[in-house]
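**Student:** Sequence plus the predicted model coming up.
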Amino acid sequence: MPDDAKQATKTEGAYKGGDGNYYFDVANLKGLDAGPGYAPTFGPVVEGELTQVGIMTIPAGQSSDPHTHPNEQWIYLLQGRLRAVVDGQERDVVPGELMYIPANIVHNVEVMPGEDAHFFTCKDLRHGIAGTPVGTGD
């Protein structure tokens with residue numbers, strides 16, 4: 001992949017799709033901290049013109065603090081089990097399930113013990129990959 005695939009992104013450390021960069025070997029991409037200060041979420045991020053995607057990991061037994069972001073988000077759980085809360089609605093999430101989180105809605109997840117959570121996430125590019133913990137402002 002060309003060196004310029006890491007330029008001109010909304011999220012520092014993300015890779016840029018387009019302009020000849022159409023295929024990404026996720027296993028060989030460097031990851032980034034996608035939940036600084038509120039969640040131990042780590043993984044590579046690729047951004048296009050309108051969306052960003054990531055293959056993220058949260059370790060077993062860890063959780064994210066309640067947070068929001070001004071972009072909507074989709075999470076498709078690949079491995080592990082989550083207890084998720086979106087806008088006050090709590091649910092246990094298993095691999096193969098898809099979560100939708102509207103923009104500016106408070107949400108958080110807890111990874112159940114025994115297995116790290118791996119998930120594919122997609123957000124629009126109104127904002128970077130990271131959110132803002134509730135009560136700290138944007």
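**Tutor:** In hand now; what should we look at? Note that the structure is a prediction, hence the values are computed from the model and not measured.

**Student:** can you count the residues close to Gln52?
**Tutor:** 24 (other Cβ atoms under 10 Å). For the C-beta atoms, the positions are set from N, CA and C on the backbone; glycine is no exception.

**Student:** How about Ser63?
**Tutor:** Burial of Ser63, expressed as a neighbour count using other Cβ under 10 Å, amounts to 16.

**Student:** separation between it and Arg126?
**Tutor:** In this structure, Ser63 and Arg126 are 25 Å apart, going by Cβ to Cβ, to the nearest Å.

**Student:** got a list of what the residue nearest to the spatial centre of the chain touches?
**Tutor:** Compute the mean C-alpha point of the chain, and by Cα atoms, centre = their mean the closest residue is Thr121, 4.9 Å away. By Cβ atoms under 8 Å, 6 or more residues apart in numbering, Thr121 lies in contact with 53-56, 73-76.

**Student:** What's the separation between it and Gly135?
**Tutor:** Distance of Thr121 to Gly135, given as Cβ to Cβ: 23 Å.

**Student:** what does Arg83 give?
**Tutor:** 21 Å.

**Student:** between the two, who's got more neighbours?
**Tutor:** When Arg83 and Gly135 are compared on other Cβ under 10 Å, the one with more neighbours turns out to be Arg83, at 14 against 8.

**Student:** Surely Pro133 and Gly35 touch.
**Tutor:** No. In this structure, Pro133 sits apart from Gly35 without contact. The criterion is Cβ atoms under 8 Å, and the distance is 9.2 Å.

**Student:** what do those two both touch?
**Tutor:** In terms of Cβ under 8 Å, 6+ apart, Pro133 and Gly35 are both contacted by the residues His67.

**Student:** got the contact list for the helix or strand containing Gly54?
**Tutor:** Following DSSP states H and E, one finds Gly54 within strand 51-58. The contact list for strand 51-58, computed with Cβ under 8 Å, 6+ apart, reads 10-11, 14, 26, 34, 39-47, 64, 78, 80, 109, 111, 116-125, 128-129.
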